[in-house]
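Enquirer: Mind looking at a prediction? Sequence and model below.
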Amino acid sequence: MGIVAKNLHKQFGETRVIRGVSLSVEPGEMVSLLGPSGGGKSTVLRILAGLERADAGEVWLDGQRVDHLDAASRGVGFVFQHYALFRHMRVVDNVAFGLKVRKVNPDEARRRAEALLARVGLGGLSERWPDELSGGQRQRVALARALAPAPRVLLLDEPFGALDARVRADLREWLRRLHDEVGATTVLVTHDQEEALSVSDRVVLVRDGLIEQDGSPAEIVDSPRTEFVARFVGEVNVVEGVVDAEGLLVAGGLRLRVPGAVKAGTRLRAVLRSHELQVLADPAGRGVVRRVVPLDDRARVELTLDGASLVARVPRAEAQALHVGSAVGVASQGPARVWAIEA
Amino acid sequence: MSASRAVWAPRLMRGSFGVWICALVALPMIAVIARAAEGGLGGAWEAITRPAAAHALGLSFGLSLLVVGIDLVFGLATAWALVRWEIPGRRLVNALVDLPFAVPTLVAGILLVVMLGPQSTLGGALADVGVDVIYAWPGMVLALCFVTLPFVVRAVEPVLEELDPAEEEAARTLGASEALIVRQVLLPPLFPALAVGAGQSFARAIGEFGAMAVLSGNVPRETLVGSVYVLGEVEAGDSVEAAAVSVVLLVVSIIAQLVVSRVNQPWGRS
């Protein structure tokens, strides 16, 4: 079942939370709404579910306009950040709730709930109370509950936001596998770029109630359309400077190649990914290492260059030669992503 | 020095607790039961079954049950409004809810008499259409509700605050109607708190004296309640009979507390 949203608007009091969002999700696709908190992405999701009513705009599910339908009649599965399990019902009754509401007979509802619990890896926990489960287990119960009535659309609102990093990463991969098995059209709201990029077919960046960019994870990472997208994704350095006579941007102690021909004297802001910076031990270098943080196969190097602070990610082997206080030379690989500085 | 203090402090606490329980709770209860038993079991039975006493006790229990029913509805509504609505001047409303705890109930009774008594405009108008409020059971119910409503509000409020509105939204997205949500999602978690509030309201209503004394009219076998009847017996020098009726009020009140304390909450483990 496909989802189409056309030109949605929503205002809470004086605050315009959504200012014209259009979105189209293909049947079976998994799309993330990514963006900073308060950008309106959750509100978009709640409007799709019928939990909020848009002030203007249209929502279509499976080719039918559903704006007039309340949440109970839309038949979409919804998963909340803080699980929202029914605390007074055992795990199995939580999962069976949506089936019982649909008048499935209790034995059948229970059987199907047990089967779903087994599928999400919680077989054997049916008789527990929600309070007795860990956060990750609770969210899997919530997912099983949402999936029980076999919705063709699944909406997830920051589903892993309340969990610790390790559990998040595990559940994220698990969710993607589950999606591929179940095949429900899925929209995931998250402020975690890694989550959005790793799990979805398409990422929609939302900011201040507007869509900044809508594209595949690769497009978002490699061809950010706006400065905001470039800055939001990955670990970045933002430097400002002026283009010199040779057409190079002098900024943050670096001389950067810029795409195309730019007039000398133009002021530009460059967004440099940390992995695009090259850091080499060089006694004559102007940079000074402030801190080296070992990560998996790379190291994060914090340094200062002519007074500006920069972050670089370099291979661990290269980082061996870098010590706090050592002098380094810094260069940027490839042309920089630059944006005009608005007056 | 500090080691012996560590030993003595808990003992002192336990000792104070024991003294308090004995002196203020157990001993008076034993005393009143002993006094009631002075006339023998037959005498006590006669004291509580004589028409005026039986009527007063019945009226107390009947009114209290009715009041508990009203409290549950309005207490839940009040708590809901306080927790879920953005009311202007919420702090003031919040303080007003506790007002009955702070005002002597005698004063509450007088307030109602002034507002609704036969001499008042409102009371006069009501009397003209044949509705007696003061010196009749409607006024007594009003006064008892005034006194006991906060018990339900304060019992339910914290639980309601903990309830995540997302639970209701989850039920909605699963296809549940609003009526079903109230029945199966909202009320069950509130049930233990409602029971506690109901038990406290019931016990308080049974024991209410001040407001009843001024606005019930105290007509035996009509508007005289158990607590005021006891005073009458004491003033008449019938302390054994007063004690017998007191024991009935006491026992019923304790039973009510025991019953609600049995309402358990299996899901509240963490």
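Expert: Perfect, I can see it now. Residues are numbered from 1 along each chain as shown, chains lettered A, B, ... in the order given.
Enquirer: what residues does chain A put near chain B?
Expert: Residues of chain A lying near chain B by C-beta under 8 Å from any C-beta of the partner chain: A:49-51, A:70-78, A:80, A:82, A:84-89, A:97-98, A:101-102, A:129-132, A:142, A:145-146, A:148-149. Where C-beta positions appear, they are placed from N, C-alpha and C, glycine not excepted.
Enquirer: Buried subset of those, written for PyMOL?
Expert: In PyMOL, this line selects whichever of those come out buried by 16 or more other C-beta atoms under 10 Å in any protein chain shown:
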select buried, chain A and resi 49+50+51+71+72+74+75+76+77+78+80+82+84+85+86+87+88+89+97+98+101+129+130+142+145+146+148+149
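Enquirer: need the helices for chain A, in chain order.
Expert: With DSSP state H as the criterion, chain A has helices at A:41-49, A:71-74, A:91-101, A:106-119, A:135-147, A:165-182, A:193-199, A:217-222, A:227-232, A:316-319.
Enquirer: same check, this time on the stretch 51-200 of chain B
Expert: Using DSSP state H, counting those that start in this stretch, the helices assigned to the stretch 51-200 of chain B run over residues B:51-84, B:90-102, B:105-116, B:121-128, B:137-162, B:165-173, B:178-181, B:187-207.
Enquirer: now for those, which one comes closest to residue B:247?
Expert: Nearest of the helices of the stretch 51-200 of chain B to residue B:247, taken as C-beta to C-beta: helix B:51-84 at 11.0 Å.
Enquirer: Not counting sequence-adjacent ones, nearest residue to residue A:52?
Expert: Nearest residue to residue A:52, sequence neighbours excluded (C-beta to C-beta, 6 or more residues apart in numbering or on different chains): residue A:46, at 4.3 Å.
Enquirer: Residue A:188 is in contact with residue A:32, correct?
Expert: Yes - using C-beta atoms under 8 Å, residue A:32 makes contact with residue A:188 at a distance of 4.7 Å.
Enquirer: List the beta-bridge partners for whatever residue of the stretch 201-343 of chain A ends up closest to chain B.
Expert: Residue nearest to chain B within the stretch 201-343 of chain A: residue A:206 (20.9 Å; C-beta to the nearest C-beta). Assessed by DSSP bridges, residue A:206 has beta-bridge partners residue A:211.
Enquirer: What's the separation between it and residue A:71?
Expert: Residue A:206 sits 21 Å away from residue A:71, taking C-beta to C-beta, to the nearest Å as the criterion.
Enquirer: cool, and residue A:6?
Expert: 20 Å.
Enquirer: and what of residue B:253?
Expert: Applying C-beta to C-beta, the value for residue B:253 to residue A:71 is 46 Å.
Enquirer: Check residue A:81 too.
Expert: Applying C-beta to C-beta, the value for residue A:81 to residue A:71 is 17 Å.
Enquirer: Residue B:236 too?
Expert: Remark: distance between residue B:236 and residue A:71 (C-beta to C-beta) = 66 Å.
Enquirer: cool, and residue A:245?
Expert: In terms of C-beta to C-beta, residue A:245 sits 62 Å off from residue A:71.
Enquirer: what do you get for residue A:270?
Expert: Residue A:270 sits 46 Å away from residue A:71, taking C-beta to C-beta as the criterion.
Enquirer: One more: residue A:208?
Expert: In terms of C-beta to C-beta, residue A:208 sits 26 Å off from residue A:71.
Enquirer: same deal with residue B:18?
Expert: As for residue B:18, its distance to residue A:71 is 57 Å (criterion: C-beta to C-beta).
Enquirer: cool, residue A:232 as well?
Expert: Applying C-beta to C-beta to residue A:232 and residue A:71 gives a distance of 31 Å.
Enquirer: quick one on the thing from earlier: can you lay out the helices of the stretch 51-200 of chain B as CSV showing distance to chain A?
Expert: Listed next are the helices of the stretch 51-200 of chain B as CSV, based on distance: least, C-beta to the nearest C-beta, whole Å:
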stretch, distance to chain A
helix B:51-84, 16
helix B:90-102, 18
helix B:105-116, 36
helix B:121-128, 40
helix B:137-162, 9
helix B:165-173, 4
helix B:178-181, 7
helix B:187-207, 4
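Enquirer: so can I have CSV of those showing mean pLDDT?
Expert: As requested, the helices of the stretch 51-200 of chain B are exported to CSV (pLDDT from 0 to 100):
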stretch, mean pLDDT
helix B:51-84, 96
helix B:90-102, 90
helix B:105-116, 92
helix B:121-128, 89
helix B:137-162, 95
helix B:165-173, 97
helix B:178-181, 96
helix B:187-207, 94
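Enquirer: can those helices go into JSON lines with extra columns for mean neighbour count?
Expert: JSON lines is the format used below for the helices of the stretch 51-200 of chain B (neighbours: other C-beta atoms under 10 Å in any protein chain shown):
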{"stretch": "helix B:51-84", "mean neighbour count": "19"}
{"stretch": "helix B:90-102", "mean neighbour count": "12"}
{"stretch": "helix B:105-116", "mean neighbour count": "18"}
{"stretch": "helix B:121-128", "mean neighbour count": "13"}
{"stretch": "helix B:137-162", "mean neighbour count": "21"}
{"stretch": "helix B:165-173", "mean neighbour count": "21"}
{"stretch": "helix B:178-181", "mean neighbour count": "15"}
{"stretch": "helix B:187-207", "mean neighbour count": "21"}
